[in-house]
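*Asks:* I would like the atomic coordinates for the input below:
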Amino acid sequence: MAEVSMDYAVVESMAEGFRGAAESLQAVNRALETAAAILRASAFVGMVGNLALAEYLDNIQPNVARLAATCDELNSDLLGAVASLRDGDLSGSQRFIDGGGSGRSGAKTSPGAVGGKAVNYLSMYQDGVNGWQLIPIGGNFTSDELLTQKGPSCTIYGAMNLLVENGYDISQADADAIYQDHINKPRSLDIMYDMLDGKHDEEGFPNEDAFEILDKYGADYDSGDFSTYWGLGSPERGDAEKFLVKQLNAGNPVYVGTEMNEAFGMGSGAHAYTVIGAQTDSNGKLTNVLVSTNWAQRYGSGPVWEIPARDFMDDWMEYNDGEYIVLKH
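*Replies:* All right, here's what the predicted structure looks like:
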């Protein structure tokens with residue numbers, strides 16, 4: 001019998017290389033669009049030569065966009081290959097670990113020295129069991145309906161996953177088409193706005209794009225943060241914890257923007273995603289959260305992670321004072 005094997009770490013490293021290249025090229029793509037827009041605008045005030053420069057950049061930009069899309073596709077394909085092979089290993093091993101043939105493992109696979117751990121099976125969590133408060137899973141939506149982001153686009157995929165978790169019907173194809181529309185949208189006004197409000201998303205899209213998607217689907221929502229003294233004081237961490245537990249206890253997922261270093265071990269940068277569960281101890285203290293990352297399957301598990309509350313709260317409070325979005329019900 002032929003033996004198929006893979007060095008997961010090496011292939012995952014290759015995938016991350018393509019992901020980094022895609023992000024860099026997408027940033028170049030947006031910069032070219034902005035530069036061309038500025039040059040065209042300046043041509044109207046007498047700098048006619050700038051129009052030729054704008055046309056030159058317009059010819060380069062589509063090629064950069066195509067190369068970025070190819071790198072992003074290679075990243076997804078490599079991660080998919082890892083997931084498929086490793087999931088095959090896991091499914092065959094379930095008969096021998098934690099449950100004696102139940103086909104369900106209680107183990108969580110750690111992706112490295114990070115606070116969070118990727119979850120093998122979302123079904124291992126139950127609302128009201130072991131202190132967990134979860135949003136309805138299996139009613140409004142099932143975990144296989146969660147969307148996977150393409151490239152640096154967590155802001156918009158996080159917003160779409162918030163809708164999916166609230167019962168909206170958005171397919172992966174629909175989500176990817178919306179992503180492409182946002183890639184093609186002129187970014188110059190967004191960039192100028194972000195220079196003023198300082199909230200440009202680290203993953204590539206401004207926060208306003210999330211609101212635009214929610215408005216597109218006619219969602220009624222609340223947004224805010226836990227800043228004090230007009231952002232000059234420390235955020236109200238205790239209020240944020242109570243808010244999160246209250247929302248999840250009512251079955252409402254919470255869209256958040258956080259740093260990535262404590263929970264995900266990914267150094268600088270930020271990430272937007274949804275919180276779908278919270279675990280509290282006997283004293284009502286938040287101990288862990290369950291989040292939908294918008295990521296493809298990694299490390300032999302799905303796109304859901306369990307994160308220690310302290311790591312999550314540190315990342316959440318340190319990025320824009322704990323910003324959030326929830327849908328009204």
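
*Asks:* quick one, strands of the stretch 201-329 of the chain?
*Replies:* 221-224, 254-259, 270-280, 286-292, 304-308, 324-327 (DSSP state E, counting those that start in this stretch).

*Asks:* for those strands, which one sits closest to residue 38?
*Replies:* strand 270-280 (26.4 Å; C-beta to C-beta). The C-beta positions use only the backbone N, C-alpha and C, and glycine is treated the same way.

*Asks:* Could you list every helix and strand in contact with that closest one?
*Replies:* strand 132-134, helix 154-165, helix 237-249, strand 254-259, strand 286-292, helix 309-318 (3 or more C-beta pairs under 8 Å, 6 or more residues apart in numbering; DSSP states H and E).

*Asks:* Residue 50: helix or strand, and which one exactly?
*Replies:* Per DSSP states H and E, residue 50 falls inside helix 49-93.

*Asks:* now do residue 24
*Replies:* Using DSSP H and E, residue 24 sits in helix 8-43.

*Asks:* Just the element for residue 175, please.
*Replies:* helix 172-184.

*Asks:* Format the strands of the stretch 201-329 of the chain as JSON lines; extra columns: mean pLDDT and mean neighbour count.
*Replies:* What follows is the strands of the stretch 201-329 of the chain, written out as JSON lines (pLDDT from 0 to 100; neighbours: other C-beta atoms under 10 Å):
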{"stretch": "strand 221-224", "mean pLDDT": "96", "mean neighbour count": "13"}
{"stretch": "strand 254-259", "mean pLDDT": "95", "mean neighbour count": "25"}
{"stretch": "strand 270-280", "mean pLDDT": "94", "mean neighbour count": "25"}
{"stretch": "strand 286-292", "mean pLDDT": "95", "mean neighbour count": "23"}
{"stretch": "strand 304-308", "mean pLDDT": "92", "mean neighbour count": "22"}
{"stretch": "strand 324-327", "mean pLDDT": "97", "mean neighbour count": "21"}
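
*Asks:* So which of those is nearest residue 316?
*Replies:* Residue 316 lies closest, by C-beta to C-beta, to one member of these: strand 254-259, at 4.6 Å.

*Asks:* Show me what the closest one pairs with in its sheet, parallel or antiparallel.
*Replies:* strand 270-280 (antiparallel), strand 324-327 (antiparallel) (DSSP bridges).

*Asks:* and that strand, C-alpha only, in PDB?
*Replies:* The C-alpha trace of strand 254-259 is given here as PDB (Å, rounded to 0.1, in the frame of the first residue of the first chain):
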ATOM      1  CA  VAL A 254     -20.600  39.800  19.300                       C
ATOM      2  CA  TYR A 255     -18.400  41.200  16.600                       C
ATOM      3  CA  VAL A 256     -15.100  42.500  18.000                       C
ATOM      4  CA  GLY A 257     -11.800  44.000  16.800                       C
ATOM      5  CA  THR A 258      -8.800  43.000  18.800                       C
ATOM      6  CA  GLU A 259      -5.000  42.800  18.800                       C
END
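
*Asks:* can you give me the offset of it from its chain's centre?
*Replies:* Offset of strand 254-259 from its chain centre (C-alpha atoms, centre = their mean, to the nearest Å): 9 Å.

*Asks:* cool, stretch 214-229 as well?
*Replies:* With C-alpha atoms, centre = their mean, you get 17 Å for stretch 214-229.

*Asks:* Map the structural domains onto the sequence of the protein.
*Replies:* As assigned by automatic domain parsing, the chain contains the domains 1-102, 106-329.

*Asks:* picking that back up, give me whichever of the helices and strands packed on strand 270-280 is most buried.
*Replies:* Mean neighbour count (mean count of other C-beta atoms under 10 Å) peaks for helix 154-165 among those, with a mean of 27.

*Asks:* Which elements pack onto it?
*Replies:* Packing partners of helix 154-165 (3+ C-beta pairs under 8 Å, 6+ apart): helix 172-184, helix 207-216, strand 254-259, strand 270-280, strand 324-327.

*Asks:* Between helix 154-165 and the second one, find me the angle.
*Replies:* In other words, helix 207-216. Angle of helix 207-216 versus helix 154-165, following axes from the mean of the first three to the mean of the last three C-alpha atoms, to 10 degrees, is 30 degrees.

*Asks:* which residues touch helix 207-216?
*Replies:* 155-156, 158-160, 162-163, 178, 182, 190, 193, 199, 201, 221, 223, 255, 257, 272, 323, 325, 327 (C-beta atoms under 8 Å, 6 or more residues apart in numbering).

*Asks:* Off-centre distance for it?
*Replies:* How far helix 207-216 lies from its chain's middle: 15 Å, per C-alpha atoms, centre = their mean.

*Asks:* I am finished for the moment; much appreciated.
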